[in-house]
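Asker: Quick check, what structure comes out for this input:
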Amino acid sequence: MSPKPDTPATLDAQALKALAPSGLSTMTPLACSCSVGTCDGWESVSDDRWPAQHMSRLGTLRAPVDPDAPGHTEATFEEFHPEGTRYESANAPIAPLFYPYNRCDVFECSTCQRVLLKYTEFGGYYVDHRVRALQVHLVV
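Answerer: Residues are numbered from 1 along each chain as shown. Okay, the predicted model is just below:
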């Protein structure tokens, strides 16, 4: 079965690294004048700060889901912090197989050409969109 036309490409760590503009393999993200801000670590970004008109979805880090498939399991909520970083750390690894990256879509900003990771946190009484700029040297 082929994917639906509106289904984004599923990206792995190698594909994610390849999305960075050339020369950014070990540098921090480009500065941006758009409303998103630096987003070195995960930042909450309200709908009015997310410049949708400047964002192009490049793909997703979410694994394709078929709940009827034998052996189907949900994406993990386990985080990956082998060096003692935390979720909000600017130097935390970007680990596509782990939370929250395994729930991210990947966007590019036409204003600054940054690649941004975005997911939505759902709590009991809230919805919080969170964004982090891709830093290629942190992808594992």
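Asker: Now do the contacts for residue 140.
Answerer: 13, 80, 93-95 (Cβ atoms under 8 Å, 6 or more residues apart in numbering). (Glycine included, C-beta is placed from N, CA and C.)
Asker: Dump those residues into JSON lines; add neighbour count and pLDDT as well.
Answerer: Output for those, formatted as JSON lines (neighbours: other Cβ atoms under 10 Å; pLDDT from 0 to 100):
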{"residue": "13", "neighbour count": "15", "pLDDT": "94"}
{"residue": "80", "neighbour count": "17", "pLDDT": "95"}
{"residue": "93", "neighbour count": "18", "pLDDT": "96"}
{"residue": "94", "neighbour count": "22", "pLDDT": "96"}
{"residue": "95", "neighbour count": "20", "pLDDT": "96"}
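Asker: Closest one to residue 20 out of these, please.
Answerer: residue 94 (11.0 Å; Cβ to Cβ).
Asker: residue contacts, the closest residue to residue 128 other than its chain neighbours?
Answerer: Nearest residue to residue 128, sequence neighbours excluded (Cβ to Cβ, 6 or more residues apart in numbering): residue 121, at 4.3 Å. With contact taken as Cβ under 8 Å, 6+ apart, residue 121 is in contact with 100, 127-130.
Asker: you'd agree residue 121 is in a strand?
Answerer: Yes - assigned with DSSP: H, G, I helix; E, B strand; the rest coil, residue 121 falls within a strand.
Asker: Report the two of the contacts of residue 140 separated the most.
Answerer: Across those (Cβ to Cβ), the longest gap, 11.4 Å, separates 13 and 80.
Asker: Find residues that contact each of those two.
Answerer: 95, 140.
Asker: that older thread, can you give me the pLDDT of the residue nearest to residue 128?
Answerer: Predicted confidence (pLDDT) for residue 121: 90.
Asker: Then residue 24?
Answerer: So, for residue 24, pLDDT stands at 47.
Asker: one step back: quick check on the contacts of residue 121: which are buried?
Answerer: The neighbour-count test (16 or more other Cβ atoms under 10 Å) marks 100, 130 as buried among those.
Asker: I'd like the contacts of residue 121 laid out as JSON lines, including secondary structure.
Answerer: Output for these, formatted as JSON lines (three-state DSSP):
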{"residue": "100", "secondary structure": "coil"}
{"residue": "127", "secondary structure": "strand"}
{"residue": "128", "secondary structure": "strand"}
{"residue": "129", "secondary structure": "strand"}
{"residue": "130", "secondary structure": "strand"}
